[in-house]
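1. next input, structure requested:
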Amino acid sequence: MELKDSLNLVKERIARAAAKSGRSWSDITLVAVSKTVTSDIVRQAFELGVSDFGENRVQELNRKTSLLPEARWHLIGRLQSNKVKDVVGKVVLIHSLDRWSLAEELDRRGQREGVEVPCLLQINIAGEEQKAGVDPHEVQSFLESMGQLKALRLYGLMTMAPLLDQGEKARPVFKELRALKEKLVKSRYINVDLRYLSMGMSQDYEVAIEEGANIVRIGSAIFHPD
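-> All right, here's what the predicted structure looks like:
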């Protein structure tokens, strides 16, 4: 399948899923996960109308951002503290804030650079030991501590569902994150604006959108369709 065709198919499915939740295509941000493709393919996708791209590794992120600086770049992989200096000020959103020590390091770097550091808080809804993320029961205390920071801003929540053979099986995970967000937005926290729910990947993005996602991270369905 040509890139144009696979991209159009993904967009159609996003639109249908959005409609089921009373929204439209324009309410959903598609982040094309470009970690497995060349910069030439990324540029082709950009020319086909994709504006947002996500990378897992900092080194590859910086390489591609230098080649396509006009795109909006997201860091979606786990961030080591010693790589913070290579990310702050270079991405529109860090999806993988998963621990308080990282929040402090990002904040220090943001203050040094004089820039805001926009992040999503990664939540380990499924409780998988091999996955990073804050325990759902610890999220409230994390948000209460955000007022200590000066440069970091929290713009929403992110989770990764277990890799399952059917997207429908991931629905409980997405439903739980949405419920957590709805509970948290009833309170006010300094430096926190829970406008985004980043959940759903190639195998389950339609279900995630039906459950409230407004950012989806899609790689193989665009770049390596069956």
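
2. for residue 92, give me its contacts.
-> 52, 72-74, 118 (C-beta atoms under 8 Å, 6 or more residues apart in numbering). Using the backbone N, CA and C atoms, a C-beta is placed for each residue, glycine as well.

3. same check on residue 94?
-> 74-75, 79, 87, 106, 117-120.

4. same check, this time on residue 122
-> Per C-beta under 8 Å, 6+ apart, neighbours of residue 122: 95-98, 132-134, 157-160.

5. quick one: which of these has the most company?
-> residue 159 (28 neighbours; other C-beta atoms under 10 Å).

6. that one against residue 135, yeah?
-> No. If you go by C-beta atoms under 8 Å, residue 159 and residue 135 don't touch, sitting 11.8 Å apart.

7. joint contacts of those two?
-> Shared contacts of residue 159 and residue 135, counting by C-beta under 8 Å, 6+ apart, come down to 123-124.

8. and the helix or strand containing residue 17, which residues are buried?
-> Counting by DSSP states H and E, the element that carries residue 17 is helix 3-20. For helix 3-20, burial by neighbour count (16 or more other C-beta atoms under 10 Å) applies to 3, 6-7, 10-11, 14-15, 17-18.

9. pLDDT-wise, what's the bottom of the contacts of residue 122?
-> Looking at the contacts of residue 122 by pLDDT, the weakest one is residue 132, with 79.

10. ok, it - contacts?
-> With C-beta under 8 Å, 6+ apart, residue 132 has these contacts: 78, 96, 98-99, 122, 124.

11. quick one on the thing from earlier: which other residues reach the helix holding residue 17?
-> With C-beta under 8 Å, 6+ apart as the test, helix 3-20 has contacts from 1, 24-25, 27-28, 30, 41, 44-45, 48-50, 205-207, 209-210, 216, 218, 221-223, 225.

12. likewise stretch 73-82?
-> 31, 33, 35, 52-58, 61, 64-65, 87, 90-98, 101-102, 105, 132, 217.

13. got it, and stretch 169-184?
-> Here stretch 169-184 has contacts from 123, 125-126, 136, 139-140, 143, 156-157, 159, 161-162, 164, 194, 197, 199-200, 203-204, 207-208, 210-213, using C-beta under 8 Å, 6+ apart.

14. any quick ChimeraX command for the buried ones out of those residues?
-> Buried members of those, defined by 16+ other C-beta under 10 Å, are picked up in ChimeraX with:
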select :123,125,136,139,143,156,157,159,161,194,197,199,200,203,204,207,208,210,211,212,213
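
15. noted, bye for now.
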